[in-house]
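# sequence and predicted model, in that order:
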Amino acid sequence: MRHYFRLVIALFLFISTSSYANDVGFRKMSVVLKDTTEKLPVAVFYPTSSPAKSVAFGPFSLNVAIGGEIAEGRFPLAVLSHGSGGSNLSYKDIAMSLVNNGFIVAMPLHPKNNYLDNSNQGKAENYINRPKHISETIDKILSIPSLAAHTNAQKIAVLGHSMGGYTALVVSGAIARTQDLVELCENTPTISDPYCMPVRSNDLTKNVVISGQDIRIKAQILMAPVGAPFISAKALHNVNIPTMLLVPEKDDELTEAHNADVIRQGLESKGKLTYLKVANAGHYSFLTTYPEYLKSELGPIANDPEGFDRKAFQQTLGKRFADYLKEVM
């Protein structure tokens, strides 16, 4: 049965982390990538039996137990892929909520496509490498005895925002073609989506076909995803897992017709798609709330369309994701 829902957010609802059984543990790990030998930093949040305390993470203050003992039990794993030029910790609200609801969350910081080093943005190498980062993160989690012993390897999900949505789709079975991007941007001069910039500057010219299905992944959540590399017929043919697709009503970054609609049309006939249109949300509304003093400096990354309450949205989003993943995995 097809699932089409319009997301209605109860802005007044506040969920306190104190209502959950476990605190949130945190540790860093590093993955040496097989193809490039680069180091992939990964932030891991998990249920812990150790007491948490307030810890500063850059501009954020998180209530976590650094290196805390993992709580008893086996937990589903969620791997979250950030957007192009972004930060993994920009999704800390979602991560903390997932942990509070019984998940382990791994968040890689994609090399050369993050806020510290964005030198691969828009290049073919970035489209090729990103999906590999997800699979190698899962490999690493399952190779560390203390984490593997508490990870339910039969319940692994991938979440992605923007370029992270592209990343999630490839590891879920989609076949991407950079030629789809090139042709779209060359034939549609009015489109201003960010992925067209490297096409028009001749930084993206190679016709590369990218695949990298990881059969360990049982469900995915896509937030304002990049979908243009999947325009070709049957690009999404092999994606056969439950998918939640969230589309912001006021996305000023990605043209819905060339991204979310491409994904929706490719998946809706499979009967495993949950489609959510987020009223009044912008492209960056899925990121964490930022301190007031940073909002003017960060611009649209930290700000939303008038009337949208990101703080309230974030207080319900992670719980919604957890409920969905528990239902479908």
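Cool, got the structure.

# which residues touch the closest residue in space to Val209 that isn't next to it in sequence?
Distances taken as C-beta to C-beta, 6 or more residues apart in numbering place Arg177 nearest to Val209, at 5.4 Å, with adjacent residues excluded. C-beta coordinates here come from the backbone N, C-alpha and C atoms, glycine included. Residues near Arg177 by C-beta atoms under 8 Å, 6 or more residues apart in numbering: Asn207, Val208, Val209, Ile210, Pro229, Phe230, Ile231, Ser232, Ala235.

# kindly recompute the last result at 7 Å.
Val209, Pro229, Ser232 (C-beta atoms under 7 Å, 6 or more residues apart in numbering).

# give me the pLDDT for it.
For Arg177, the pLDDT comes out at 98.

# straight-line length of stretch 29-45, end to end?
End-to-end distance for stretch 29-45: 11 Å, by C-alpha to C-alpha, to the nearest Å.

# please tell me how far the residue nearest to the spatial centre of the chain sits from Ala52.
By C-alpha atoms, centre = their mean, the chain has its centre lying nearest to Gly160, at 2.0 Å. Applying C-beta to C-beta, to the nearest Å, the value for Gly160 to Ala52 is 27 Å.

# quick one: Asp214 and Val171 touch, right?
Yes: the pair Asp214 / Val171 is scored as a contact, 4.6 Å apart, by C-beta atoms under 7 Å.

# ok, the helix or strand hosting Ala281: who's next to it in the sheet?
Ala281 belongs to strand 273-282 when assigned by DSSP states H and E. Strand pairing for strand 273-282, determined by DSSP bridges: strand 3-7 (parallel), strand 243-250 (parallel).

# next SSE after the shortest one?
For strand 3-7, the succeeding helix or strand toward the C-terminus, using DSSP H and E, is strand 23-32.

# repeat for the last one
Toward the C-terminal end, the helix or strand that comes next after strand 243-250 (DSSP H and E) is helix 260-267.

# thinking again about what came up before, so the residue nearest to the centre of the chain sits against Ala168, correct?
Yes: the criterion here is C-beta under 7 Å, and Gly160 meets it with Ala168 at 3.6 Å.

# joint contacts of those two?
Ser81, Leu222.

# show me where pLDDT drops low in this structure?
Scanning the chain for pLDDT under 70 picks out the ranges 1-21.

# let me see the ranges of the helices in it.
92-100, 124-143, 145-148, 163-171, 178-187, 196-200, 260-267, 292-298, 310-328 (DSSP state H).

# so which bits of stretch 120-132 are buried?
For stretch 120-132, a neighbour-count test (16 or more other C-beta atoms under 10 Å) marks Asn120, Gln121, Gly122, Lys123, Ala124, Asn126, Tyr127, Ile128, Asn129, Arg130, Pro131, Lys132 as buried.

# tell me the contacts of the fourth one?
Shown here is Lys123, whose contacts under the criterion C-beta under 7 Å, 6+ apart are Pro198, Asp203, Leu204.

# neighbour count and distance to Leu184 for the residues you listed - can I get that in TSV?
Formatted as TSV, those follow (neighbours: other C-beta atoms under 10 Å; distance: C-beta to C-beta, whole Å):
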residue	neighbour count	distance to Leu184
Pro198	20	13
Asp203	12	16
Leu204	22	12
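
# want to try TSV for the residues you listed, with distance to Ser97 as columns?
Rendered in TSV, the data for those read as follows (distance: C-beta to C-beta, whole Å):
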residue	distance to Ser97
Pro198	34
Asp203	37
Leu204	36
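
# now, which of those residues sits nearest Pro59?
Pro198 (29.6 Å; C-beta to C-beta).

# skipping its backbone neighbours, what lies nearest that closest one in space?
In space, Pro198 is closest to Gly122, 3.2 Å off (C-beta to C-beta, 6+ apart).

# what's the answer for Arg130, then?
Nearest residue to Arg130 in three dimensions, chain neighbours excluded: Thr167, at 4.3 Å (C-beta to C-beta, 6+ apart).

# ok, that neighbour - contacts?
So Thr167 contacts Ser81, Arg130, Pro131, Ile134, Gly160 (C-beta under 7 Å, 6+ apart).

# next, the contact list for the second one, please.
Same thing as Arg130. Ser81, His110, Asn113, Thr167.

# in CSV: those residues, plus distance to Lys39.
Shown next, in CSV, are these (distance: C-beta to C-beta, whole Å):
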residue, distance to Lys39
Ser81, 17
His110, 12
Asn113, 14
Thr167, 18
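
# who wins for neighbours among those residues?
Ranked by the number of neighbours (other C-beta atoms under 10 Å), these place Thr167 first, at 36 neighbours.

# distance of that residue from Val208?
15 Å.

# hmm, back to that, from the contacts of Arg130, pick the one nearest Phe308.
The nearest member of the contacts of Arg130 to Phe308, counting by C-beta to C-beta, is Ser81 at 23.4 Å.

# measure the closest one to Ser201 for me?
25 Å.

# before we move on, back to that, for the contacts of Thr167, name the two members farthest from one another.
Taking C-beta to C-beta, no two of the contacts of Thr167 sit farther apart than Pro131 and Gly160, at 10.0 Å.

# next, count neighbours for Glu268.
Neighbours of Glu268 (other C-beta under 10 Å): 16.
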